[in-house]
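Trainee: sequence and predicted structure are below.
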Amino acid sequence: MPKLEADIKAPNFNLPASNGKNVSLEEFMGKKNVVLYFYPKDDTPGCTVEACGLRDRIKDIQNQGAVVLGVSPDSVASHQKFIEKFKLPFLLLSDEQKKTCTDYGVWVEKSMYGRKYMGVARGTFIINKEGKIAKVFEKVTPQGHETEILAALKEL
């Protein structure tokens with residue numbers, strides 16, 4: 001998989017969302033910028049910090065003409081519990097087949113305590129209204145990531 005970078009067309013996706021519907025990238029084209037963030041697992045420490053940071057700044061993000069979509073391999077039911085527990089005001093998309101994670105290059109080999117396994121590398125893609133990647137954040141630090149996203153949105 002070639003590495004995704006700014007100014008290339010973002011891979012389309014059509015995934016089940018926490019609202020019970022399917023969501024595709026195409027439905028936002030020409031209307032909104034998309035903050036597409038990938039995270040490893042619902043209701044885990046780093047993922048919760050990242051999601052709550054975005055929750056707390058959602059009005060500022062929306063004021064920049066953007067919508068936030070979170071993606072992980074968790075099920076829709078898991079996403080719904082995560083949203084309810086932390087009152088998250090944005091959709092979470094379920095990529096149980098890991099196709100979108102693979103398309104965006106975030107489904108990678110990881111290592112913990114010497115054991116290798118496949119998992120999601122935390123990353124965020126800002127996709128402009130034309131469907132092109134405007135900004136890529138790799139190896140995201142959950143704390144304060146919403147501030148980085150806002151700064152990038154202001155540059156669009």
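Mentor: On my side now, so go ahead. Numbering: from 1, shown residues only.
Trainee: from now on I want contacts and neighbour counts done on CA atoms only, so please keep to that.
Mentor: Fine.
Trainee: just the pLDDT for residue 156.
Mentor: pLDDT for residue 156: 88.
Trainee: now do residue 16
Mentor: Per-residue pLDDT puts residue 16 at 98.
Trainee: pairing partners for the helix or strand where it lies, with directions?
Mentor: Using DSSP states H and E, residue 16 falls within strand 14-16. Using DSSP bridges, the strands paired with strand 14-16 are strand 22-24 (antiparallel).
Trainee: next secondary structure after the partner strand?
Mentor: The first helix or strand that comes after strand 22-24 along the chain, using DSSP H and E, is strand 33-38.
Trainee: so for that following strand, what gets flagged as buried?
Mentor: 33, 34, 35, 36, 37, 38 (16 or more other Cα atoms under 10 Å).
Trainee: in CSV, list these along with distance to residue 156 and pLDDT.
Mentor: Shown next, in CSV, are the buried residues of strand 33-38 (distance: Cα to Cα, whole Å; pLDDT from 0 to 100):
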residue, distance to residue 156, pLDDT
33, 9, 97
34, 12, 98
35, 12, 98
36, 15, 98
37, 17, 98
38, 21, 98
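Trainee: of those residues, closest to residue 151?
Mentor: Set against residue 151, the nearest of the buried residues of strand 33-38 by Cα to Cα is residue 35 (12.3 Å).
Trainee: am I right that that closest one is in contact with residue 66?
Mentor: Yes. In this structure, residue 35 is within contact of residue 66 by Cα atoms under 8 Å, at 6.7 Å.
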